[in-house]
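Participant: let me see the structure of the following:
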Amino acid sequence: MGALEVPSAPVPLVAVVGPTASGKSALAVRIALTYEGEVLNFDSVQVYRGFDVGSGKLPLAERHGVPHHLTDLAGPEETFTSGDYRREGLRVLDAVRRRGHLPVLAGGSGLYLRALLLGLFEGPPRSQELRRRLSDLAGRRGREFLHRVLARLDPASARRMHPRDTQKIIRALEVCLLTRRPLSDLLGGGRVGLGGFRVLKVGLNPARAELVERINARVERMFTAGLVDEVRAALQGGAGASAPLGALGYRQARAFVEGAASRDEAVRGTQSATRQYAKRQMTWFRREPGVKWFEGFGDDPSIQGQVLDWLGRMLPGRGSESSILESGT
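Facilitator: As a prediction, the model looks like this:
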């Protein structure tokens with residue numbers, strides 16, 4: 001996959017993890033403002049152009065001048081994998097390090113974060129013909145059918161993947177069929193992790209009831225703020241089979257656009273699926289080693305203060321709270 005030129009001493013990197021709607025982006029911006037940082041996305045839908053509202057891309061006005069990277073990397077018709085993300089992530093990390101700035105990772109796709117920090121196994125190259133056949137099979141028999149096939153060939157991988165996450169399931173099946181070995185076995189092989197960085201992981205763990213309220217309100221705002229328009233634009237542009245249109249929120253909005261669900265049904269379906277997704281995210285990130293957890297939302301000034309106090313002890317002399325106050329942000 002390529003590697004960074006490793007400096008003589010590790011440089012710090014901050015990763016903000018937590019469930020959707022927990023305020024990760026706001027916290028990442030606050031950290032970057034305090035410590036002269038740049039934000040790197042690790043959300044698997046934000047890498048696609050034209051999918052802004054439903055993926056929660058932070059508007060320019062809320063970035064407060066902080067550079068943001070690893071968004072809008074691919075068109076909706078393109079396939080963008082964890083390997084693609086790692087390659088781009090290494091390139092951006094190297095550039096941020098050379099500028100002497102603090103990389104601040106924020107997002108909700110644990111697989112992307114793991115790919116960047118721990119590396120990926122060197123699997124077989126993609127077979128477009130096999131992928132086309134698997135995609136056609138999913139179209140005829142449904143996405144869940146591919147998941148059932150994977151459960152027979154590689155139960156361990158199937159347990160880690162959502163039954164409707166077609167892109168990941170197709171890759172797992174592709175590896176199984178081309179190598180005649182389960183992906184889960186191959187993942188235990190040699191990986192090349194991220195060198196030259198000292199990773200500090202900040203986790204957000206807000207109260208469940210408050211998170212549910214935020215998720216429900218956020219979904220309502222998404223449908224009001226242009227999610228449906230994004231789906232219509234993608235469909236009119238011929239991207240009906242694109243991976244992001246199968247993502248959370250976009251899938252339900254598409255059902256509304258195509259007359260398969262009412263708006264209320266699409267909203268309620270998105271809210272329910274998002275709550276379930278938040279649970280899965282927390283299950284994933286709780287298994288992430290070395291996370292310093294904070295019990296609240298990332299846009300809460302008191303939580304931001306706690307995080308900055310902790311980072312101040314981890315990053316002595318790198319930044320100060322006064323820089324935030326003096327800037328007026």
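
Participant: quick check on A74: phi, psi?
Facilitator: Note on A74: its backbone torsions stand at phi -140, psi 150 [degrees, to the nearest 10].

Participant: contacts only, for it.
Facilitator: Contacts for A74 (CB atoms under 8 Å, 6 or more residues apart in numbering) come out as 47-49, 80, 84. C-beta coordinates here come from the backbone N, C-alpha and C atoms, glycine included.

Participant: low-confidence stretches in the stretch 51-200 of the chain?
Facilitator: Where the stretch 51-200 of the chain drops to pLDDT under 70, the residues are 122, 188-191.

Participant: now do the strands in it.
Facilitator: All strands of the stretch 51-200 of the chain, identified by DSSP state E, counting those that start in this stretch, fall at 68-69, 102-106, 197-204.

Participant: pick the most buried one from those strands.
Facilitator: strand 102-106 (a mean of 26; mean count of other CB atoms under 10 Å).

Participant: and the angle from it to strand 197-204?
Facilitator: Counting by axes from the mean of the first three to the mean of the last three CA atoms, to 10 degrees, strand 102-106 points 40 degrees away from the direction of strand 197-204.

Participant: can I have the helix or strand E38 falls within written out in PDB, keeping just the CAs?
Facilitator: E38 belongs to strand 37-41 when assigned by DSSP states H and E. Taking C-alpha atoms only, strand 37-41 is exported to PDB below (Å, rounded to 0.1, in the frame of the first residue of the first chain):
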ATOM      1  CA  GLY A  37      -4.400  21.100  13.300                       C
ATOM      2  CA  GLU A  38      -6.000  19.800  10.200                       C
ATOM      3  CA  VAL A  39      -9.000  17.500  10.100                       C
ATOM      4  CA  LEU A  40      -9.000  14.200   8.200                       C
ATOM      5  CA  ASN A  41     -12.300  12.500   7.500                       C
END
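
Participant: partners of it, with directions?
Facilitator: Partner strands and pairing direction for strand 37-41 (DSSP bridges) are strand 68-69 (parallel), strand 102-106 (parallel).

Participant: redo these as a markdown table? Include distance to G203.
Facilitator: A markdown table is the format used below for the strands paired with strand 37-41 (distance: least, CB to CB, whole Å):
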| stretch | distance to G203 |
| --- | --- |
| strand 68-69 | 21 |
| strand 102-106 | 12 |
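
Participant: ok, which of the ones you listed comes nearest P19?
Facilitator: Among the strands paired with strand 37-41, the nearest to P19 by CB to CB is strand 102-106 (12.8 Å).

Participant: now what about that closest one, what contacts it?
Facilitator: 12-16, 24-25, 27-28, 31-32, 35-42, 92-93, 96-97, 113, 116, 197, 315, 318-319.
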